[in-house]
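1. what's the 3D shape of this:
(one chain, ligands or ions: 1)
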Amino acid sequence: MSEYNVLEMARQQLYNSARYLDLDDGLVAVLARPKRAVTVNFPVVMDSGEVVVYEGYRVQHNPSRGPTKGGLRYHPDVDLDETTALAMWMTWKCSVVNIPYGGAKGGVKVNVKELSKREIEKLTRRFASELNIIVGERSDIPAPDIGTNAQVMGWFMDTLSMQCGYTVPGVVTGKPIELGGSEGRVEATGRGVIVCAIEACHNMNLNFEGSRVVVQGFGNVGSVAARLAEREGAIVVGVSDASGGIYNPNGLPINELYEKYTGVDGGIQNYKDCEKVSNSELLELDCDILIPAAISAQLTAENADKVKAKLVVEGANGPTTPEADKIMHEKGILVVPDILANAGGVVTSYFEWVQDLQNFFWEENEVNDKLSKIMRRAYGEVAHVMREHNTDMRTAAMIIGVKRVADATIMRGIFP
Ligand code: GLU
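-> Modelled structure (predicted):
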């Protein structure tokens with residue numbers, strides 16, 4: 001994903017929070033490692049007839065609070081360390097919002113942009129087959145992440161269902177609605193980001209309405225966050241996708257960008273009424289709220305002191321390095337951490353799983369209301385701990401997230 005060692009970064013965050021909780025060293029050692037990590041190498045026959053061997057992973061970090069949960073990523077930089085870090089973050093994320101899951105993550109090292117739809121389907125079906133030994137609706141439930149989507153989840157579910165002889169919708173979340181997906185799931189992560197941004201604005205005496213927002217990334221999280229920000233009255237002045245960034249201090253027409261320029265060659269760079277900026281310039285633009293919603297390690301020791309936003313809300317997983325956290329905290333920038341800010345996705349995944357297990361489906365309003373309620377409650381709890389311990393918000397979220405997992409691990413005891 002980047003030069004930065006994200007597993008080291010995830011462990012540093014854990015050690016930092018463990019100091020506040022006075023945790024036993026043995027327990028910290030348990031929490032710093034995944035319970036189970038599987039590497040699979042599997043062949044796919046490409047459209048050309050060539051056989052390519054792909055490497056994939058599934059890491060289950062800690063199941064003390066329930067089945068493990070987390071996305072599947074298809075990206076050329078996927079590796080075992082990054083997957084492990086992402087699995088750890090999923091554990092704390094599920095714990096911070098208090099849903100009954102542990103964390104997991106999986107992925108395949110692949111550039112899906114180079115594959116045909118048929119090749120992606122074959123890769124997914126073979127990967128699902130290889131993971132059959134460790135995933136399950138009661139044990140470990142995958143979901144979409146970078147490079148995967150509802151269709152991929154549909155193929156994943158179908159493959160596992162074929163192998164056991166009946167349909168098991170609860171084995172993955174983020175599926176198409178027609179296959180047992182939930183209303184509101186696609187928008188859920190972006191929606192949660194905006195709920196957090198609005199809550200943070202209240203606490204900071206900042207008006208969300210009229211505030212200037214910059215969003216890095218225009219994928220599932222960034223594009224939804226940008227559209228909802230605009231709908232709530234903010235002015236989105238900068239956005240970026242893989243092709244680079246665009247900026248207009250008077251505001252960008254987010255719906256038009258989404259409808260006309262996503263999924264086309266050159267992406268949002270095709271839009272004319274703006275200034276072109278690089279992805280790194282985008283992070284330093286003059287704005288009130290910055291939403292990094294792309295990949296990890298984007299705000300680092302090199303650029304953190306140039307960030308002009310007053311509020312950073314992390315739509316991506318791990319976009320801020322520990323050095324950057326320190327610099328921004330000293331500058332008085334509030335960083336709403338990933339494990340809280342982007343938890344809306346897994347919260348609605350939880351709703352999807354509950355609906356699948358009960359075969360009883362909810363309306364979109366009900367899903368969104370329940371999501372907002374959980375996000376606001378979690379935000380309030382984290383803000384309270386932040387004030388109580390006088391820390392940055394990541395440390396506060398980690399204190400809550402790690403404590404619930406540590407308590408559950410202690411209560412369950414160490415087998416045998
Ligand atoms: N991949 C998403 C995340 O990082 C969602 C995981 C899920 O819904 O299980 O939070």
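2. before we move on, what SS does the residue of the stretch 251-400 of the chain found nearest the ligand have?
-> Nearest residue of the stretch 251-400 of the chain to the ligand: S349, at 3.2 Å (C-beta to the nearest ligand atom). Just so you know, the C-beta spots here come from the backbone N, C-alpha and C atoms, and that holds for glycine as well. The three-state label given to S349 by DSSP: H, G, I helix; E, B strand; the rest coil is helix.
3. please identify which helix or strand holds the residue in the stretch 151-300 of the chain that the ligand sits nearest to.
-> The ligand sits closest to T173 of the stretch 151-300 of the chain, with a gap of 5.4 Å, by C-beta to the nearest ligand atom. Assigned by DSSP states H and E, T173 belongs to no helix or strand.
4. tell me who's in contact with it.
-> Applying C-beta atoms under 8 Å, 6 or more residues apart in numbering to T173 gives the contacts 69, 141-143, 153, 181-182, 185, 349-350, 352-353, 356.
5. taking these one by one, which sit in helices?
-> 153, 185, 349-350, 352-353, 356 (DSSP state H).
6. and these, which two are furthest apart?
-> M153 and Y350 (15.0 Å; C-beta to C-beta).
7. look up phi and psi at the residue of the stretch 51-200 of the chain found nearest the ligand.
-> Nearest residue of the stretch 51-200 of the chain to the ligand: G71, at 2.7 Å (C-beta to the nearest ligand atom). Per-residue torsions, G71: phi -80, psi 170 (degrees, to the nearest 10).
8. so what's it closest to, chain neighbours aside?
-> D145 (2.9 Å; C-beta to C-beta, 6 or more residues apart in numbering).
9. now do the contacts for the one you found.
-> 70-73, 86, 105, 107.
10. got a PyMOL select line for the buried ones in those residues?
-> The following PyMOL line selects those of the contacts of D145 that are buried, judged by 16 or more other C-beta atoms under 10 Å:
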select buried, resi 70+71+72+73+86+105+107
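11. host element of the residue located most distally from the centre of the chain?
-> Relative to the centre of the chain, the most outlying C-alpha is that of G49, 35.3 Å out, by C-alpha atoms, centre = their mean. Using DSSP H and E, G49 sits within no helix or strand.
12. what pLDDT does it get?
-> Reading off the confidence values, G49 has pLDDT 98.
13. how close does E314 sit to L340?
-> Note on E314: its distance to L340, by C-beta to C-beta, to the nearest Å, is 8 Å.
14. higher neighbour count, these two?
-> L340 (31 against 28; other C-beta atoms under 10 Å).
15. just the residues contacting the strand or helix carrying the more buried one, thanks.
-> Following DSSP H and E, one finds L340 within helix 338-341. With contact meaning C-beta under 8 Å, 6+ apart, helix 338-341 is reached by 89, 92-93, 96-97, 192-193, 196, 313-319, 378-379, 382, 393-394, 397-398, 401.
16. what's the neighbour count on the nearest residue to A324 once chain neighbours are set aside?
-> Sequence neighbours aside, A304 is the residue nearest to A324 in space, at 3.7 Å (criterion: C-beta to C-beta, 6+ apart). By other C-beta under 10 Å, 24 other residues sit near A304.
17. and the ligand, is the helix holding L340 touching that?
-> No. Figure legend: helix 338-341 not in contact with the ligand (C-beta under 6 Å from any ligand atom); closest approach 8.2 Å.
18. phi, psi of L299?
-> phi -100, psi 110.
19. residue contacts, it?
-> 283, 292, 307, 312, 319-321, 324, 328.
20. next step: these restricted to helices.
-> Those of the contacts of L299 lying in helices (DSSP H): 283, 324, 328.
21. so what's the last one up against?
-> This points to M328. Counted by C-beta under 8 Å, 6+ apart, M328 has contacts 299, 304, 307, 312, 320, 335.
22. up against the ligand, what does the protein have?
-> Residues of the chain found near the ligand (C-beta under 6 Å from any ligand atom) are 69-71, 143, 145, 173-174, 317, 342, 345-346, 349.
23. need the max-distance pair from those.
-> Taking C-beta to C-beta, no two of the residues of the chain next to the ligand sit farther apart than T173 and N317, at 16.8 Å.
24. buried subset of the contacts of T173, written for PyMOL?
-> Selection of buried members from the contacts of T173 for PyMOL, criterion 16+ other C-beta under 10 Å:
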select buried, resi 69+141+142+143+153+181+182+185+349+350+352+353+356
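25. and the helix or strand V405 falls within, which residues are buried?
-> In the assignment (DSSP H and E), V405 maps to helix 393-412. Residues of helix 393-412 classed as buried by neighbour count (16+ other C-beta under 10 Å): 393-406, 408-409.
26. could you do stretch 366-379 as well?
-> Across stretch 366-379, burial judged by 16+ other C-beta under 10 Å covers 367-368, 370-372, 374-375, 378-379.
27. tell me which of those fall in helices.
-> Short answer: the buried residues of stretch 366-379 in helices (DSSP H) are 367-368, 370-372, 374-375, 378-379.
28. would you mark the buried spots in stretch 319-328?
-> Going by neighbour count (16+ other C-beta under 10 Å), the buried part of stretch 319-328 is 319-325, 327-328.
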